[in-house]
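# For reference, the sequence and a predicted model appear below.
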Amino acid sequence: MKRASMFVLAVLLAPVTAVAWSPKTDQAVVSTAIRLLSKGRVIQLSKLDREVMQGASVTDETLERLFPGFEAGPITVIQSEMHLLDAVRGDAIDPYLAYRLGILGRLVARISAPLARDNSPIRARYYADVEKALPQTSLKPSPSKKIELAAYIEQLQRTADARKELIVKDYQSGPGFDGVARAALSDDLSRSIDAVANVWYTLLTERVVQAGVSDTQRRNYAVQAMAFYVARGNENEIELHYNRLTQSPPKTPEMVKQIGDILYNGGFAERAIKEYEYVLALEPQRKDVVERISGFYIAQGDKALESNRLEEALDAYSRASKADPLHPTAEAKRLEVSRMIAERDARLEAARTAIDEGGRFEAEAEQFILKGQIPEAFDALKKAQAAYNRVTDEFRTEAQAAAAGVGNINARLRELKNELIGNAQALSGSAFRFDIEKMAAAATRNTGESALRKIVANQLAAEMAKLKNDYQNLIAGNKKQP
């Protein structure tokens, strides 16, 4: 009893209807079998218990889809699954194989339950009572051993059916679950746990003859495994197991198409395109694949176009048009983006030309300043400013260069203004400072040649008047001397 107390069934929930045991009991049996094997250090499934339990929790609909002939021939189905898993497993247990071990355990648990082959209403009541009694049930599992499957399962079912009539009779006219059912529950659950552990032990410790494992079964397994890994969403894991799963048997176009669909629908569209292109290389007339490829690239092009990534959009639309020359919009979209790129490039060239032009006018202005040709310098700076102002904000680098050019021009105009005001004052005298400063300030706002010439003329007239006055005073002084 001490040994039995070491194993207590885990209470797990699953919202489905089971044929034998309840889903909760099935999962508890599988969970305890994991710990039984791991405790003996024979097979370490505890590191993959999440995947094993995920398999043990599949719905009855999934079981029916994977194993449509199970009810008619459970031994054949279980043996076929064992051979398949043995054929595809490598040196280590990968997550999907662990998942399939969980499903296999669920199948074994189903056929090892009392009343599994009884169709009376008593069965549902019995399984519900078993579920309630799980937490208080002690178990007596046995060390795992290798089995000869067919003989073992036949004996398993005979033993499970041995008390069937007594259990049904208790429910019909006696103590119900508190009779034979409760007294035998520890043995019945322990037998199911042993059965699951023994099947796993045999599969994972002994290479069996892989009789009857066809290429179709292997390919179906690979497709189902890829669906499992894609659902997990780990791209590195997908690639790792893809390479392993598709090495043998040789890939067929339909198998690759199925994997492509799984990847595409699972959010790995770019990766899926590689699969579709592989299919097209073998079967160029596959319209379904052509439509999927062109549709993907059209969507990529539209997304790039929304963000104004024109080259990416052009590449995507070109790929779509190449994949499906008859696509109703691919070629039109490609031509439209080509036009947009040409127009954008023309605007970019115009912006760069304007920047170059502004730079040349700036350089001319500096030469005029060095020569003292201030009016010409003002005129050159004004032309440079106009050139820079033709540049829009569409192109970041060019817009920054133009803004820097305008900033330089404004700074140079302020310097010339200050020099002009200072020179005007020196030439005309303090009495004329106010008027000349106003004129100089006005000139910096309207630097046309006529305004500049007016300032210079005024300066010259003022200087000539001063010289004339000085000369007259000098003559008058000379006349007064004896």
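Nice, thanks for sending it over. Numbering: from 1, shown residues only.
# Residue 299: neighbouring residues, count only.
13 (other Cβ atoms under 10 Å). The C-beta positions use only the backbone N, C-alpha and C, and glycine is treated the same way.
# low-confidence ranges in this structure?
Within the chain, the segments meeting pLDDT under 70 span 1-19, 40-43, 208-211, 423-482.
# what residues go with each domain of it?
The chain breaks down into these domains under automatic domain parsing: 2-213, 246-343, 348-480.
# Just send these back as CSV, with distance to residue 240 too.
Formatted as CSV, these follow (distance: least, Cβ to Cβ, whole Å):
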stretch, distance to residue 240
domain 2-213, 9
domain 246-343, 12
domain 348-480, 42
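# Where does residue 204 sit, in terms of helix or strand?
Assigned by DSSP states H and E, residue 204 belongs to helix 180-205.
# That helix - contacts with which helices or strands?
When contacts are defined as 3 or more Cβ pairs under 8 Å, 6 or more residues apart in numbering; DSSP states H and E, helix 180-205 packs onto helix 23-39, helix 74-88, helix 95-111, helix 122-133, helix 149-161, helix 164-173.
# closest one to residue 233 among those helices?
Between residue 233 and these, the shortest gap by Cβ to Cβ is with helix 95-111, which sits at 12.7 Å.
# got the CA coordinates for that closest one in PDB?
Extracted in PDB, the C-alpha atoms of helix 95-111 (Å, rounded to 0.1, in the frame of the first residue of the first chain):
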ATOM      1  CA  PRO A  95       7.500  17.500 -29.300                       C
ATOM      2  CA  TYR A  96       5.100  16.200 -32.000                       C
ATOM      3  CA  LEU A  97       6.100  12.600 -31.400                       C
ATOM      4  CA  ALA A  98       5.300  13.200 -27.700                       C
ATOM      5  CA  TYR A  99       1.900  14.600 -28.700                       C
ATOM      6  CA  ARG A 100       1.200  11.500 -30.700                       C
ATOM      7  CA  LEU A 101       2.300   9.400 -27.700                       C
ATOM      8  CA  GLY A 102      -0.400  11.200 -25.800                       C
ATOM      9  CA  ILE A 103      -3.000  10.300 -28.400                       C
ATOM     10  CA  LEU A 104      -1.800   6.700 -28.400                       C
ATOM     11  CA  GLY A 105      -2.200   6.600 -24.600                       C
ATOM     12  CA  ARG A 106      -5.700   8.000 -24.900                       C
ATOM     13  CA  LEU A 107      -6.600   5.100 -27.300                       C
ATOM     14  CA  VAL A 108      -5.200   2.500 -25.000                       C
ATOM     15  CA  ALA A 109      -7.000   4.000 -22.000                       C
ATOM     16  CA  ARG A 110     -10.200   3.800 -23.800                       C
ATOM     17  CA  ILE A 111     -10.100   0.100 -24.600                       C
END
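# which of the residues in it are buried?
95-111 (16 or more other Cβ atoms under 10 Å).
# What of stretch 299-309?
Per 16+ other Cβ under 10 Å, stretch 299-309 contains these buried residues: 300, 301, 304, 305.
# Can you tell me which of those is closest to residue 382?
Distances from residue 382 to the buried residues of stretch 299-309, taken as Cβ to Cβ, are shortest for residue 305 (40.5 Å).
# Would you agree that closest one falls within a helix?
Yes - looking at residue 305 with DSSP: H, G, I helix; E, B strand; the rest coil, it is inside a helix.
# Just put the buried residues of stretch 299-309 in JSON lines and tack on distance to residue 414.
Shown next, in JSON lines, are those (distance: Cβ to Cβ, whole Å):
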{"residue": "300", "distance to residue 414": "52"}
{"residue": "301", "distance to residue 414": "50"}
{"residue": "304", "distance to residue 414": "46"}
{"residue": "305", "distance to residue 414": "45"}
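# The domains of the chain: which one's closest to residue 222?
Short answer: domain 246-343, nearest of those by Cβ to Cβ, at 6.1 Å.
# distance between the closest one and the chain's centre?
Distance of domain 246-343 from its chain centroid, counting by Cα atoms, centre = their mean, to the nearest Å, is 17 Å.
# Kindly report the same for stretch 349-362.
Using Cα atoms, centre = their mean, the offset of stretch 349-362 from its chain centre is 44 Å.
# Output it as PDB, nothing but the C-alphas.
What follows is stretch 349-362, C-alpha atoms only, in PDB (Å, rounded to 0.1, in the frame of the first residue of the first chain):
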ATOM      1  CA  GLU A 349      16.400  65.300 -59.800                       C
ATOM      2  CA  ALA A 350      14.800  68.800 -59.900                       C
ATOM      3  CA  ALA A 351      15.400  69.200 -56.200                       C
ATOM      4  CA  ARG A 352      19.100  68.300 -56.600                       C
ATOM      5  CA  THR A 353      19.400  70.700 -59.600                       C
ATOM      6  CA  ALA A 354      17.900  73.500 -57.500                       C
ATOM      7  CA  ILE A 355      20.300  72.900 -54.700                       C
ATOM      8  CA  ASP A 356      23.300  72.900 -57.100                       C
ATOM      9  CA  GLU A 357      21.900  76.100 -58.600                       C
ATOM     10  CA  GLY A 358      21.600  77.700 -55.200                       C
ATOM     11  CA  GLY A 359      25.100  76.700 -54.400                       C
ATOM     12  CA  ARG A 360      26.500  78.300 -57.600                       C
ATOM     13  CA  PHE A 361      24.600  81.600 -56.900                       C
ATOM     14  CA  GLU A 362      26.000  81.600 -53.300                       C
END
